[in-house]
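# My questions concern the predicted model and sequence given below.
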Amino acid sequence: MKSAVETLSPTRVKLTVEVPFDELKPSMDAAYRKIGQQVRIKGFRPGKVPPRILDQYVGRAAVLEEAVNEALPRLYGEAVRENNVEVLGHPEIEVTNFADGDQLAFTAEVDVRPEIELPDYAGLEVVVDAAEPTDERVDQQLESLRERFATLKSVERPAQTGDYVSIDLAASVGGEPVEDATANNLSYEVGSDSLVQGLDDAIVGLSVGESKEFATQLRSGDHGGETAQATVTVRTVKEKDVPALDDDFAQTASEFDTLNELRADVRSRLERVAKLQQGVQARDRVLEVLLDKVELPMPEHVLSDEIGYRKQSMDQQLQAVGMTKEQYAEYEDKTVEALDQEIEDGARQAIKAQFVLDAIARKEELAVSEAELTDTILRRAQQSGMRADQYAQQVVNSGQLGALMAEVMRGKALALVLENAKIRDTSGNEIDLDALTEQFAEPAAEADGDPAADTGGDDEDAPAL
């Protein structure tokens with residue numbers, strides 16, 4: 001076999017391969033065996049039909065076609081290895097010459113990993129948010145906690161924004177009822193705009209027992225996007241009664257005796273959450289700074305595949321909740337074109353990050369140990385609710401073990417860059433990520449972004465630094 005490689009662009013090559021006919025004998029033999037197992041010829045057992053009989057029965061051309069189909073993946077792989085080509089994605093193969101007894105010639109165009117000139121990634125400077133919570137943020141958390149302890153009481157007045165009402169709702173399109181827009185005794189917060197459009201305006205001003213008709217555009221379901229006639233009837237009106245922010249409230253809502261003690265605890269929790277977020281911000285912003293320093297040609301076929309995958313994933317998620325992309329764009333106050341651009345930008349950045357981190361891993365001669373791979377499998381299995389052995393088997397059977405190892409390797413490369421970065425907060429304070437990691441190594445207070453959620457518990461794991 002002879003092969004050569006031609007560079008079409010910084011991210012794409014064309015392999016030209018020529019194979020003498022006698023080197024195709026293993027593939028011809030395999031083709032005869034496969035076809036022989038599939039056909040039934042009187043006087044011969046399956047798999048025992050002589051080649052000359054198969055040539056007469058199915059035709060020599062069918063055997064040659066099967067042989068080429070069997071040979072091409074193997075020959076392509078040999079050509080890739082022979083020319084030291086680091087391919088990405090699937091090739092576009094074209095057979096340029098083949099005849100019985102003659103050589104096989106084909107070309108394969110495929111994307112390749114671009115050459116990367118790595119910048120100096122030691123000492124990258126990034127800025128993260130300060131961890132010191134403001135008084136306003138503390139007050140917001142206390143207000144959130146008050147809301148959790150609020151009670152509802154019935155009122156004898158028309159409904160207004162912020163009230164909680166019980167309603168009957170019905171809608172029809174063209175005179176036909178819409179089942180997924182019909183409900184009785186439905187609890188609803190006026191002003192939440194969580195059901196059909198125009199419902200909040202219709203409810204405001206209605207007293208118990210009163211009804212109102214209004215036109216609405218349905219957001220989802222079989223009639224999503226269509227205009228419907230809807231009727232809402234108010235059954236009950238209740239308002240929220242929020243407790244006073246005092247020592248009595250502190251004793252009811254927490255383990256503390258005074259409001260000052262509760263406020264100090266909330267401030268401490270907010271600071272812990274902020275420090276966790278500093279680690280996450282540092283990781284993300286170090287990667288952003290690193291990628292901004294790299295000019296990288298993008299393999300268009302790889303990019304196209306990634307964009308297609310992301311768009312398909314979004315469509316499936318929207319379909320699962322009965323929403324179109326147009327409706328989602330309206331909900332996000334964006335255009336469909338803007339959503340598509342975000343998907344493309346995200347795909348470009350993700351591919352670029354993979355290339356750059358892979359290059360750093362190679363330069364630093366990083367490797368993935370068995371312990372690191374096992375730890376990753378254990379964490380992924382826990383997240384997916386599977387047993388570790390089941391998850392590991394699934395990864396192996398789906399051929400994703402290499403991809404998983406690559407993810408771990410990229411994580412190590414990013415951790416190395418992060419370890420050597422210079423990180424300060426917006427107040428100019430230097431952030432010691434090693435100290436931050438140690439601080440959150442042991443179970444501590446709640447750190448899910450809402451310190452007022454409860455008065456005890458464990459932190460989530462610190463970010464992987």
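Yep, it's here.
# for this structure, what are the low-confidence residue spans?
Residues of the chain meeting the criterion pLDDT under 70: 47, 435-465.
# which residues of it fall in helices?
Taking DSSP state H as the test, the helices found in the chain are 25-38, 51-58, 60-82, 135-148, 199-203, 247-253, 259-292, 300-320, 325-331, 336-363, 370-384, 388-397, 401-419, 433-439.
# Distance of residue 127 relative to residue 188?
43 Å (C-beta to C-beta, to the nearest Å). (Glycine included, C-beta is placed from N, CA and C.)
# again but with residue 338, I slipped
For residue 338, the distance to residue 188 equals 31 Å [C-beta to C-beta].
# out of the two, which sits in the more crowded spot?
A count of neighbours by other C-beta atoms under 10 Å puts residue 188 above the other of residue 338 and residue 188, at 21 against 12.
# Residues in a beta bridge with the more buried one, which ones?
Taking DSSP bridges, one obtains residue 165 as the residues bridged to residue 188.
# is it true that it touches residue 195?
Yes: at 6.6 Å, residue 188 counts as touching residue 195 under the criterion of C-beta atoms under 8 Å.
# so what sits against both of these two?
Both residue 188 and residue 195 lack any common contact, where contact means C-beta atoms under 8 Å, 6 or more residues apart in numbering.
# can you count the residues close to residue 241?
10.
# In contact with it, which residues?
By C-beta under 8 Å, 6+ apart, the contact list for residue 241 reads 150, 151, 152, 153.
# tell me the contacts of the closest residue to residue 53 other than its chain neighbours?
Distances taken as C-beta to C-beta, 6 or more residues apart in numbering place residue 41 nearest to residue 53, at 6.5 Å, with adjacent residues excluded. Residue 41 makes contacts with 49, 53, 57, as judged by C-beta under 8 Å, 6+ apart.
# these two touch, right, the second one and residue 44?
Right, the one you point to is residue 53. Yes: in this structure residue 53 lies within contact range of residue 44 using C-beta under 8 Å: 7.0 Å.
# mind listing what's buried in stretch 56-75?
58, 63, 64, 66, 67, 68, 70, 71, 72, 75 (16 or more other C-beta atoms under 10 Å).
# Show me how the record splits this structure into domains.
If you go by automatic domain parsing, the domain ranges for the chain are 2-112, 151-241.
# can you put those in TSV and add distance to residue 397?
Putting the domains of the chain into TSV (distance: least, C-beta to C-beta, whole Å) gives the following:
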stretch	distance to residue 397
domain 2-112	20
domain 151-241	36
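# which one of the ones you listed lies closest to residue 386?
Of all those, domain 2-112 sits nearest to residue 386, with 29.2 Å by C-beta to C-beta.
# start to end distance for the closest one?
20 Å (C-alpha to C-alpha, to the nearest Å).
# and if you look at stretch 147-167?
So stretch 147-167: terminal residues 23 Å apart, C-alpha to C-alpha.
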